[in-house]
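In: sequence? don't have it. structure:
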């Protein structure tokens with residue numbers, strides 16, 4: 001073999017040196033990518049932490065996003081815009097010069113157009129990438145470009161259910177494209193901004209609902225404690241109306257059929273209040289919103305007193321307000337009073353404010369009616385005492401209707417002179433006794449065999465002066481009335497939205513008609529029962545919404561604190577799913593590519609743990625709720641697995657002690673990667689709100705899995 005020459009050795013050395021240089025460059029590039037990915041992961045984790053800590057305010061989230069965008073995209077500056085469906089407004093920025101801020105204030109708020117990148121992203125609902133704004137024919141705001149000093153920009157829309165709610169943008173001083181990783185990073189920031197907006201919206205809606213519930217409960221309490229005087233009720237109404245509507249003032253007026261009379265107000269300085277007092281009483285006219293409400297018998301919105309040709313300009317200037325909402329207090333279709341709220345600035349009036357005032361108006365009418373009845377006769381006084389007692393129970397029983405039902409039945413017995421009283425509610429297509437003075441059938445079907453059934457079907461009061469005669473038409477009366485010694489009766493429906501949700505029946509031992517005022521009183525009690533039911537429903541919905549919001553925030557917090565381990569997320573999801581769905585069992589499972597594996601188990605009694613664990617790992621073609629959810633890629637809801645002929649792990653179900661089951665898949669890019677399963681010991685379906693809650697948990701589980709996967713890849 002010929003010896004290697006010196007020149008050949010030199011060539012080999014040079015080749016090795018070049019190869020080493022290439023490897024070093026490749027290593028540097030990989031190291032740079034790893035550093036960038038880690039920084040991006042850290043930034044998204046930081047934003048998630050801010051989201052979990054800012055349930056009432058999106059601004060800290062927006063500020064964190066724009067700062068992170070500038071740093072991670074090596075940008076000159078960043079801004080975040082919100083879109084309300086009509087106008088775009090800049091709500092956060094980082095690294096803007098004073099000149100740039102001045103130019104932004106000149107341009108925004110603005111309507112969407114192709115003239116600048118943020119508006120274009122709103123219109124197109126897609127990422128807008130402008131490598132050089134000076135070469136973009138549609139980009140018209142070159143003054144802003146020069147003031148801010150940028151050449152290239154990236155604009156990513158914030159989408160909620162495919163609708164744009166804002167834009168995140170970053171810009172650089174030099175022209176050139178942004179990288180794919182930078183575009184994906186801004187998309188992630190946009191998704192997080194939408195999550196923050198939704199969190200704050202849900203939190204504020206829950207808080208507002210709770211405030212409204214508190215206000216209505218307070219007014220009901222005042223009503224119950226003021227049976228002879230409406231003034232405290234009106235004072236409570238104007239105080240709460242001013243606060244909850246964020247208004248300048250609120251007024252209550254009474255209408256006697258001829259003149260409008262001032263009766264209460266809140267928010268007026270003494271000198272302005274005197275101007276108002278001096279202008280009443282007055283004939284209803286179009287010069288004032290209260291007069292228009294009387295004339296039109298409906299709610300009246302006035303968005304600007306100065307632009308309305310009919311409104312009294314002198315009164316508006318003297319009292320310093322621009323926008324007014326007026327709501328009628330209606331009794332039997334006739335206006336007996338008006339509630340008004342005013343604001344100093346002109347503008348649109350929110351529907352939630354109108355709805356709130358309508359509730360207050362209804363409560364004001366109740367107060368007026370209560371006092372009228374109280375002052376009519378001594379008998380009316382006894383009736384008013386009863387209704388006040390029930391209202392007190394309503395005010396003190398926001399979580400339980402039973403005390404209200406018991407109070408209604410007790411007072412009916414007193415006021416109807418020893419009669420039999422039964423309050424029933426509609427449930428599962430049958431009438432169920434909830435409260436009574438004696439014996440009553442626990443439940444029976446809703447049909448035309450009974451007077452109470454017709455009361456529900458036709459949503460009207462049934463009055464039977466002689467039950468013996470009525471038995472020919474309503475055979476069940478013999479069992480429901482005659483057999484117990486009753487000879488006459490009246491049945492009032494509990495009406496909600498025109499539909500009967502229950503009844504109150506009053507039965508007497510004597511034949512004879514009930515007086516009109518007695519029938520009216522019974523209907524009043526029925527209305528109060530509905531108020532109690534609605535109060536409890538609203539309170540429970542508010543509490544459940546707050547619990548769901550707290551749960552999602554808690555899971556987000558665990559996700560943010562566990563970037564490298566998904567197990568804590570599965571554990572908290574299983575725990576919360578069991579508690580918030582009122583379940584007895586919760587199981588979280590994952591698909592490993594071949595089998596479905598158990599990853600979290602909650603609620604199973606010790607003797608059933610092994611049976612449930614023994615069902616795993618399971619195949620995707622098994623006939624279980626979890627496997628079906630995996631195969632179908634959709635929610636699987638079985639009211640009773642023991643009655644399901646295809647369900648194959650009945651032994652595990654019996655050992656685990658569950659019947660009604662629900663499975664919700666975790667879906668990533670169209671593929672099921674896991675399932676959340678909950679079950680109860682009793683048959684039946686889970687509520688729609690609970691299904692939606694588990695869907696949210698499933699989405700959060702997917703986020704956690706993706707976070708950990710990305711973290712481990714990095």
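Out: Thanks, I have the structure now. Fair warning: this is a prediction, and the values are worked out from it, not measured in the lab.

In: which strands or helices does the helix or strand harbouring residue 557 pack on?
Out: Assigned by DSSP states H and E, residue 557 belongs to helix 516-561. The contact analysis (3 or more CB pairs under 8 Å, 6 or more residues apart in numbering; DSSP states H and E) places helix 516-561 against helix 6-53, helix 180-225, helix 378-396, helix 402-415, strand 488-496, strand 499-508, helix 567-580, helix 688-713. To be clear about C-beta, it is placed using only N, CA and C from the backbone, and glycine gets the same treatment.

In: can you list the buried residues in the fourth one?
Out: Of all the residues in helix 402-415, those buried under the rule 16 or more other CB atoms under 10 Å are 403, 404, 405, 406, 407, 408, 409, 410, 411, 412, 413, 415.

In: can you list those residues in JSON lines and add distance to residue 500 and pLDDT?
Out: Rendered in JSON lines, the data for the buried residues of helix 402-415 read as follows (distance: CB to CB, whole Å; pLDDT from 0 to 100):
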{"residue": "403", "distance to residue 500": "22", "pLDDT": "83"}
{"residue": "404", "distance to residue 500": "18", "pLDDT": "82"}
{"residue": "405", "distance to residue 500": "16", "pLDDT": "82"}
{"residue": "406", "distance to residue 500": "21", "pLDDT": "84"}
{"residue": "407", "distance to residue 500": "21", "pLDDT": "83"}
{"residue": "408", "distance to residue 500": "16", "pLDDT": "81"}
{"residue": "409", "distance to residue 500": "18", "pLDDT": "84"}
{"residue": "410", "distance to residue 500": "23", "pLDDT": "85"}
{"residue": "411", "distance to residue 500": "21", "pLDDT": "83"}
{"residue": "412", "distance to residue 500": "18", "pLDDT": "82"}
{"residue": "413", "distance to residue 500": "22", "pLDDT": "83"}
{"residue": "415", "distance to residue 500": "22", "pLDDT": "79"}
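
In: how many other residues sit next to residue 672?
Out: Applying other CB atoms under 10 Å, we find 20 other residues in the vicinity of residue 672.

In: now do the one 10 residues further on
Out: The number of residues packed around residue 682, counting by other CB under 10 Å, is 11.

In: quick one: the nearest residue to it once chain neighbours are set aside and residue 625, what's the gap?
Out: Distances taken as CB to CB, 6 or more residues apart in numbering put residue 659 closest to residue 682, at 5.9 Å, once the chain neighbours are dropped. Taking CB to CB, to the nearest Å as the measure, residue 659 falls 12 Å from residue 625.

In: what does residue 296 give?
Out: Using CB to CB, which is the criterion applied here, residue 296 is 56 Å from residue 625.

In: compare the two and say which one has the larger neighbour count.
Out: With neighbours defined as other CB under 10 Å, residue 296 and residue 625 compare such that residue 625 has more, 27 against 14.

In: for the more buried one, list the residues it contacts.
Out: For residue 625, the contacting residues are 636, 638, 641, 647, 661, 662, 663, 677, 679, taking CB atoms under 8 Å, 6 or more residues apart in numbering as the criterion.

In: run through the neighbouring helices and strands of the stretch of helix or strand the fifth one belongs to.
Out: This points to residue 661. When elements are assigned from DSSP H and E, residue 661 belongs to strand 660-668. Using 3+ CB pairs under 8 Å, 6+ apart as the contact criterion, the secondary-structure elements in contact with strand 660-668 are helix 625-632, strand 636-638, strand 671-680, helix 688-713.

In: would JSON lines of those with distance to residue 141 and mean pLDDT be doable?
Out: As requested, those are arranged in JSON lines below (distance: least, CB to CB, whole Å; pLDDT from 0 to 100):
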{"stretch": "helix 625-632", "distance to residue 141": "50", "mean pLDDT": "89"}
{"stretch": "strand 636-638", "distance to residue 141": "53", "mean pLDDT": "91"}
{"stretch": "strand 671-680", "distance to residue 141": "43", "mean pLDDT": "91"}
{"stretch": "helix 688-713", "distance to residue 141": "36", "mean pLDDT": "87"}
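
In: sorry, back to before: give me the angle between the helix holding residue 557 and strand 499-508.
Out: 140 degrees (axes from the mean of the first three to the mean of the last three CA atoms, to 10 degrees).

In: returning to what we had before: looking at the helices and strands packed on helix 516-561, which is closest to residue 300?
Out: Judged by CB to CB, the one of these that comes nearest to residue 300 is helix 180-225, at 21.7 Å.

In: quick one: mean pLDDT over that closest one.
Out: Model confidence over helix 180-225, given as mean pLDDT, is 80.

In: C-terminal to that helix, what's the next element?
Out: Counting by DSSP H and E, the next helix or strand C-terminal to helix 180-225 is helix 231-244.

In: so what does that following helix touch, helix or strand wise?
Out: Judged by 3+ CB pairs under 8 Å, 6+ apart, the packing partners of helix 231-244 are helix 180-225, strand 249-255, strand 260-266, strand 334-343, helix 351-376.
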